[in-house]
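>>> Give me a 3D structure for the following:
(one chain, ligands or ions: 2)
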Amino acid sequence: MTMRYKLSAPSVVKTTIQLPASKSISNRALIINALARGTTPPCNLSDCDDTLVMIKALAENNETIDIMAAGTAMRFLTAYLSTVQGTHILTGTERMQQRPIQILVNALRELGAQIEYAGKEGFPPLRIHGTELKGNELTLKGNVSSQYISALLMIGPVLKNGLRLHLTGEIISLPYINLTLQLMKEFGAKAAWTSENSIEVAPKPYTPVSFMVESDWSAASYWYQIAALSEQAEIELMGLFRNSYQGDSRGAEVFSCLGITTEFTHEGVLLKKSNRLVEQLNEDFVDIPDLAQTFAVTCCLLGIPFRFTGLQSLKIKETDRIFALKAELRKLGYLLQDAQDSILIWDGERCQPEAQPVIQTYEDHRMAMAFAPAAFRFPGMRIAEPQVVSKSYPAYWEHLQQAGFQIDNKE
Ligand SMILES: O=C(O)C1=C[C@@H](OP(=O)(O)O)[C@@H](O)[C@H](O)C1
Ligand SMILES: C=C(OP(=O)(O)O)C(=O)O
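Ligands and ions are numbered 1, 2, ... in the order given. Here you go, the predicted structure:
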């Protein structure tokens with residue numbers, strides 16, 4: 001039986017939320033700490049699936065490692081396991097076996113890595129024989145997934161001659177590359193951009209440091225959305241900082257166009273409503289792809305037409321997010337158009353919403369989290385397979401209940 005949650009939203013939201021820790025930071029800190037031979041694990045690691053699979057992979061060193069749906073774990077471990085002794089099979093969910101990895105495998109092979117495709121050429125599962133990697137200069141595409149680049153960068157300091165990367169094409173998800181460089185530096189590495197599309201990593205080993213993971217700005221976006229769609233709200237989100245290296249902290253700025261103000265406190269941020277709304281939202285998501293679903297749903301429900309560009313990576317994420325957004329927003333009466341595999345447009349066109357919409361989540365945590373706040377406009381709306389949220393935010397539904405949402409469990 002598929003599980004469904006039936007949701008009703010409160011009219012006033014006044015709450016304090018202990019957000020989950022960032023999975024992007026957790027998974028980087030774990031890999032870097034392992035390469036630094038750190039003996040104390042990073043503090044405040046996320047409790048999400050994507051981080052649990054990483055912790056398990058590094059702790060147990062099993063021959064077969066199943067990272068389930070975690071893109072970061074798949075890409076980061078491919079590079080990591082190429083440098084450590086032993087033979088491993090790295091695999092994941094059916095969807096993970098459709099998410100491309102050839103660009104990373106080819107780059108690692110150029111460095112001397114021994115990696116074979118255990119299934120379909122170009123995709124996981126992989127058979128990896130760890131070995132000492134030699135080469136130090138590589139050219140690879142920067143326009144498919146930044147995770148390939150982060151994976152290579154993180155092993156750079158332990159390579160005999162360091163690493164020089166030249167990226168071709170438009171660099172997507174750039175803040176995630178900078179987040180990687182920042183964490184590497186915090187662990188004593190020497191790594192920096194040397195031109196607009198080249199990065200150099202010195203062959204200077206990491207030093208173990210004590211490290212604390214901050215809260216997740218991508219998870220914060222659903223609370224901004226809740227504030228934007230509610231009648232009245234005052235929401236405190238704990239563990240967020242100004243000047244975060246998480247690219248998704250830019251969500252705060254974009255939400256200021258949708259009537260939400262952000263005030264930094266000692267513990268985190270305080271969200272309030274300002275009622276200052278733009279008439280139309282035009283935004284480039286190339287730096288913040290994980291926020292696309294949050295803003296698409298929020299804008300439709302606020303009646304704010306939009307044109308979102310820079311969405312070229314959405315098709316190879318947990319699901320084809322452009323397709324999924326169009327299909328599920330149609331159920332709520334909103335007709336979106338897409339163009340060139342990278343643009344999503346809503347010009348205000350409506351259709352009759354379904355009387356009892358059931359939102360499908362496509363094994364994508366962000367479909368569930370971004371559509372739940374639609375309950376403000378569609379009381380009794382249902383979300384299918386709500387447990388998908390555990391990929392990045394296991395306590396999401398509990399937190400919604402804490403905020404006053406009513407959630408009925410329907411088989
Ligand atoms: O490096 C990271 O932590 C991430 C990079 C992004 O992926 P792409 O680089 O594939 O866009 C992002 O979508 C993902 O959720 C996390
Ligand atoms: C795209 C995502 O994750 P990943 O690519 O790491 O699976 C995400 O969390 O939205």
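>>> any idea how far residue 72 lies from ligand 2?
4 Å (CB to the nearest ligand atom, to the nearest Å). To be clear about C-beta, it is placed using only N, CA and C from the backbone, and glycine gets the same treatment.
>>> The helix or strand harbouring that residue - contacts with which helices or strands?
For residue 72, the host element (DSSP states H and E) is helix 71-83. Packing contacts for helix 71-83, counted by 3 or more CB pairs under 8 Å, 6 or more residues apart in numbering; DSSP states H and E, involve helix 23-35, helix 49-60, strand 87-91, helix 102-110, strand 114-117, strand 126-129, helix 146-155.
>>> Wondering if that helix reaches ligand 1 at all.
Yes - residues of helix 71-83 contacting ligand 1 under CB under 6 Å from any ligand atom: 71-72.
>>> Next, the angle from that helix to helix 49-60.
Per axes from the mean of the first three to the mean of the last three CA atoms, to 10 degrees, the angle that helix 71-83 makes with helix 49-60 is 20 degrees.
>>> Any regions of this protein where pLDDT drops low?
Low-confidence segments of the chain (pLDDT under 70): 1, 411.
>>> tell me the domain boundaries of it?
Annotated domains of the chain cover 4-20+214-408, 23-201 [the TED database].
>>> need the helices and strands packed on helix 71-83 in TSV with mean neighbour count and distance to ligand 2, can you?
Below are these laid out as TSV (neighbours: other CB atoms under 10 Å; distance: least, CB to the nearest ligand atom, whole Å):
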stretch	mean neighbour count	distance to ligand 2
helix 23-35	26	7
helix 49-60	20	6
strand 87-91	19	14
helix 102-110	20	13
strand 114-117	16	20
strand 126-129	20	16
helix 146-155	26	6
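>>> about what we covered before: let's have the domains of the chain in JSON lines, adding distance to residue 207.
Below are the domains of the chain laid out as JSON lines (distance: least, CB to CB, whole Å):
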{"stretch": "domain 4-20+214-408", "distance to residue 207": "19"}
{"stretch": "domain 23-201", "distance to residue 207": "4"}
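>>> so which of those domains gets nearest residue 208?
Between residue 208 and the domains of the chain, the shortest gap by CB to CB is with domain 23-201, which sits at 3.5 Å.
>>> measure that closest one end to end?
Start and end residues of domain 23-201 are separated by 24 Å (CA to CA, to the nearest Å).
>>> The residue of the chain found nearest ligand 2: how many residues sit nearby?
Distances between the chain and ligand 2 by CB to the nearest ligand atom are smallest at residue 71, namely 2.5 Å. Other residues within reach of residue 71, judged by other CB atoms under 10 Å, total 21.
>>> How about whichever residue of the stretch 201-350 of the chain sits closest to ligand 1: what's its closest non-neighbour residue?
Of all residues in the stretch 201-350 of the chain, residue 313 sits closest to ligand 1, at 4.2 Å by CB to the nearest ligand atom. Once flanking residues are discounted, residue 313 sits nearest to residue 289: 5.0 Å by CB to CB, 6 or more residues apart in numbering.
>>> Repeat that for residue 296.
residue 325 is the one closest to residue 296 (CB to CB, 6+ apart), at 5.1 Å.
>>> show me what contacts the one you found?
292-293, 296-297, 336, 344 (CB atoms under 8 Å, 6 or more residues apart in numbering).
>>> quick one, phi/psi of residue 365?
phi -50, psi -40 (degrees, to the nearest 10).
>>> What of the one 5 residues further on?
Torsion angles at residue 370 (phi, psi; degrees, to the nearest 10) stand at phi -80, psi -30.
>>> before we move on, what about residue 234?
phi -150, psi 110.
>>> who's in contact with residue 57?
Residue 57 neighbours (CB under 8 Å, 6+ apart): 65, 67, 73, 77.
>>> rerun that using 6 Å as the cut-off
Applying CB atoms under 6 Å, 6 or more residues apart in numbering, we find residue 57 in contact with 65, 77.
>>> Kindly provide the distance from it to residue 119.
Counting by CB to CB, to the nearest Å, the separation of residue 57 from residue 119 is 19 Å.
>>> what does residue 397 give?
34 Å.
>>> Am I right that residue 301 is in a strand?
No - counting by DSSP: H, G, I helix; E, B strand; the rest coil, residue 301 is not part of a strand but helix.
>>> wait, doesn't it sit right on residue 377?
Yes - the pair residue 301 / residue 377 is scored as a contact, 5.2 Å apart, by CB atoms under 6 Å.
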